[in-house]
Each structure stands twice: as structure tokens, then as C-alpha cells.
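Peer 1: Output the structure for:
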Amino acid sequence: MTYFRATDPFPLEAADWNKLSEFYAKLADGRLVTTRCLDCRRTAWPPRGFCGECASDRVEWVELPREGVVHAFTMQDAGLPAGFEGPRVFAIVKVDGHPVFTILVDTDPGRVAIGQRVTLTPLRVADDPKGNPRWLPAFTAA
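Peer 2: Residues are numbered from 1 along each chain as shown. Model prediction:
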């Protein structure tokens with residue numbers, strides 16, 4: 001059985017609190033990155049502070065493509081988190097073979113299809129308590 005991992009939807013992104021702050025800094029610049037182990041060369045998604053394969057904490061940041069393909073999706077109209085308008089399309093997008101749990105934005109929910117190409121469109125969400133912007137990986141239909 002395969003388990004998918006999702007990034008924290010409201011992370012503490014500051015470098016003071018998170019080894020993975022680089023992910024959010026790059027996402028703010030419109031780039032999708034993840035970590036690759038310098039010892040066993042395994043690329044992880046989501047990015048990790050240590051390798052899930054060999055437990056090394058020697059990792060480097062690698063760029064992923066800005067485009068992916070919808071692997072699965074669902075729509076939600078009710079019970080959305082505060083600040084999110086419905087309907088919301090949640091999707092698993094395959095990016096370079098990695099299943100990325102994400103949302104689709106600026107996309108007609110009735111036209112979403114498995115196999116559809118999508119492009120990274122980072123979504124700014126509520127600022128942190130200090131007023132710094134926070135970002136989530138999101139995609140738009142290509």
C-alpha cells in the first residue's frame with residue numbers, strides 16, 4: 001500500500017522554526033523544489049530534513065518541473081477551511097513522478113479531468129503572526 005504525504009497547510013515557514021523554509025522561499029518565487037539525499041541520491045516528496053530511505057540528514061535542494069498531470073481529484077463545496085471559497089478542487093498531481101497533494105485554482109471544476117496537464121500557480125494564504133506571507137503549492141489547468 002502506498003501512502004501519500006502532504007505538506008502542512010499552515011506551516012511555520014521561517015528559517016528559525018523550520019529546516020524546510022527554503023521550500024517556501026522558492027515557492028514564493030514560483031518554483032517547486034524538493035530535497036534529494038546526498039548519500040543515497042533518493043529524491044523525496046514532500047521535501048524532508050532527512051532521508052526516509054537511509055536516514056541521512058545530508059540533503060540538497062532540487063528543482064521540479066512547474067508542470068504536472070492530474071492523477072486524481074475531488075471537489076468540495078461545504079466544510080471548507082476559513083478563507084477558502086467553494087467549490088474547491090483538491091487533486092493529486094504527478095510532478096516528475098511524485099504525487100503532490102494540492103488544490104487547483106482558477107480552473108473550472110466541471111472541466112477537470114484525469115490526465116489533464118496543469119501548471120504551478122503558488123497560492124498565497126493567510127500571513128503568519130508576524131505578517132510574513134505564507135504559500136501553498138497550487139496548480140492551474142494548462
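Peer 1: okay, CA-based contacts and neighbour counts for the rest of this
Peer 2: OK.
Peer 1: hang on, residue 95 packs against residue 63?
Peer 2: No: Residue 95 lies out of contact with residue 63 (CA atoms under 8 Å); the separation is 10.9 Å.
Peer 1: what about the strands in this structure?
Peer 2: 33-37, 59-63, 67-76, 88-95, 98-104, 117-120, 123-125, 134-136, 138-141 (DSSP state E).
Peer 1: what pairs with the second one, and is each one parallel or antiparallel?
Peer 2: Looking at strand 59-63 with DSSP bridges, its paired strands and their directions are strand 33-37 (antiparallel).
Peer 1: ditto for the fifth one
Peer 2: When pairs are called by DSSP bridges, strand 98-104 turns out to pair with strand 88-95 (antiparallel), strand 138-141 (parallel).
Peer 1: Then the third one?
Peer 2: Here the strand partners of strand 67-76, with direction, are listed using DSSP bridges: strand 88-95 (antiparallel), strand 117-120 (antiparallel).
Peer 1: Other residues contacting the last one?
Peer 2: With CA atoms under 8 Å, 6 or more residues apart in numbering as the contact definition, strand 117-120 has outside contacts at 30-32, 66-70, 137-142.
Peer 1: how far away is the closest residue to residue 91 other than its chain neighbours from residue 88?
Peer 2: Counting by CA to CA, 6 or more residues apart in numbering, residue 91 lies nearest to residue 73, which is 4.0 Å off, once chain neighbours are set aside. Separation of residue 73 from residue 88 (CA to CA, to the nearest Å): 10 Å.
Peer 1: And residue 115, by the same measure?
Peer 2: Residue 115 is 19 Å from residue 88, where distance means CA to CA.
Peer 1: Those two: which has the busier surroundings?
Peer 2: Neighbour count, other CA atoms under 10 Å: between residue 115 and residue 88, residue 88 has more, with 19 against 13.
Peer 1: so who does the more buried one touch?
Peer 2: 75, 76, 77, 80, 103, 104, 105, 109.
Peer 1: Look up how far residue 138 lies from it.
Peer 2: Taken as CA to CA, the span from residue 88 to residue 138 is 11 Å.
Peer 1: Quick check: neighbours shared by those two?
Peer 2: With CA under 8 Å, 6+ apart, residue 88 and residue 138 have common neighbours 103, 104, 105.
Peer 1: how about the residue nearest to residue 91, what does it touch?
Peer 2: Going by CA under 8 Å, 6+ apart, residue 73 touches 89, 90, 91, 92, 114.
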